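# Sequence and computational prediction follow.
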Amino acid sequence: MSGKLKISVAKYKDSFAFNTAVNEFYIDSACEEEHTECTSAVRHRETGHDITSLQPPLKSTENSEKGEALKKLRDYKINNCIKCGLSKERNLLVFGEGNADSDLMFIGEAPGADEDKTGRPFIGKAGQLLTKIIESINLKRENVYIANIIKCRPPGNRNPEQNEIESCSPFLREQIDIIKPKIICTLGKFSTMFIFNEISNAAGGESIEFEKIGNHRGKIYDYRDIKVIPTYHPSYLLRNPSAKKDVWEDMKLIRDLLSKYI
Ligand code: SF4
């Protein structure tokens, strides 16, 4: 995998306590000049304009074949999606971001308020913790790919409903098909359940019953040619910091697996 995910295996760090600045940028949600009557992305969508110009650039994927495929998927297939009720209240759709050529993909649940505002995944407090978690194994956030099962924010950050997962998860499936990561780290219950369903529904696949993350973390599951490592969602860690030590163990597992691909 040389030239893809650049990791110095000799320099792993043993704590999440890093003061790395998270790369924050907020796009202006007002319309472009030609849509001056629109004052926000929500209004922009209500007026039926294409919101592609409001989405953040997929910076780290620009010059790659997989990056191009992801851009096409986002711009032509997902950007103006109204397949479920979450489209009504979203500001910006949160597609996912990172290195399309990465061997490592993180999958979370759904965007929150900060993500809905910016169109970027995991940039609020939980996202900043995820960035530190990624950096704890000496990776950079831009080395990996980060996405959610649900692309639009559930109101009040409630849990996604089954019909929303069913409507949106085909997009995630396509992202996985394009990126073809070697490792997926599922963050929390919903993305882990999604992958377990995928494994169970595959021809000849082993049926895996989801219990709780604590029972599945620390283990490696096989999903097609991908190794899946479930761990706690960073939001859970914010409420339960004592679980960070478990996540650190899971990150070391990921680090060791990744070193096999270098
Ligand atoms: S959550 Fe997914 S399926 Fe629902 S509107 Fe947004 S992109 Fe479409």
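Okay, I see it.

# got the residues of the stretch 151-262 of the chain near the ligand?
Counting by C-beta under 6 Å from any ligand atom, the residues of the stretch 151-262 of the chain close to the ligand are 151-152, 164, 167-168. (C-beta placed from N, C-alpha, C; glycine too.)

# whoops, the stretch 1-150 of the chain was the one
Counting by C-beta under 6 Å from any ligand atom, the stretch 1-150 of the chain sits next to the ligand at 78, 81-84, 86-87, 93, 150.

# Buried only: go through those for me.
For those, a burial check counting by 16 or more other C-beta atoms under 10 Å picks out 78, 81, 83-84, 86, 93, 150.

# can you redo those as TSV with pLDDT and secondary structure?
Formatted as TSV, these follow (pLDDT from 0 to 100; DSSP: H, G, I helix; E, B strand; the rest coil):
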residue	pLDDT	secondary structure
Ile78	94	helix
Cys81	96	coil
Lys83	96	coil
Cys84	97	coil
Leu86	97	helix
Leu93	95	coil
Ile150	98	coil
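
# of these, closest to Ser102?
Using C-beta to C-beta, Ile78 is the member of those that lies nearest Ser102, at 20.0 Å.

# Surely that closest one touches Phe95?
Yes. In this structure, Ile78 is within contact of Phe95 by C-beta atoms under 8 Å, at 6.3 Å.

# related to what we said a few turns ago, kindly reformat the buried ones among the residues of the stretch 1-150 of the chain next to the ligand as a markdown table containing distance to Gln128.
Shown next, in a markdown table, are these (distance: C-beta to C-beta, whole Å):
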| residue | distance to Gln128 |
| --- | --- |
| Ile78 | 26 |
| Cys81 | 28 |
| Lys83 | 30 |
| Cys84 | 28 |
| Leu86 | 24 |
| Leu93 | 22 |
| Ile150 | 20 |
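
# which of these lies closest to Pro111?
Set against Pro111, the nearest of these by C-beta to C-beta is Ile150 (7.3 Å).
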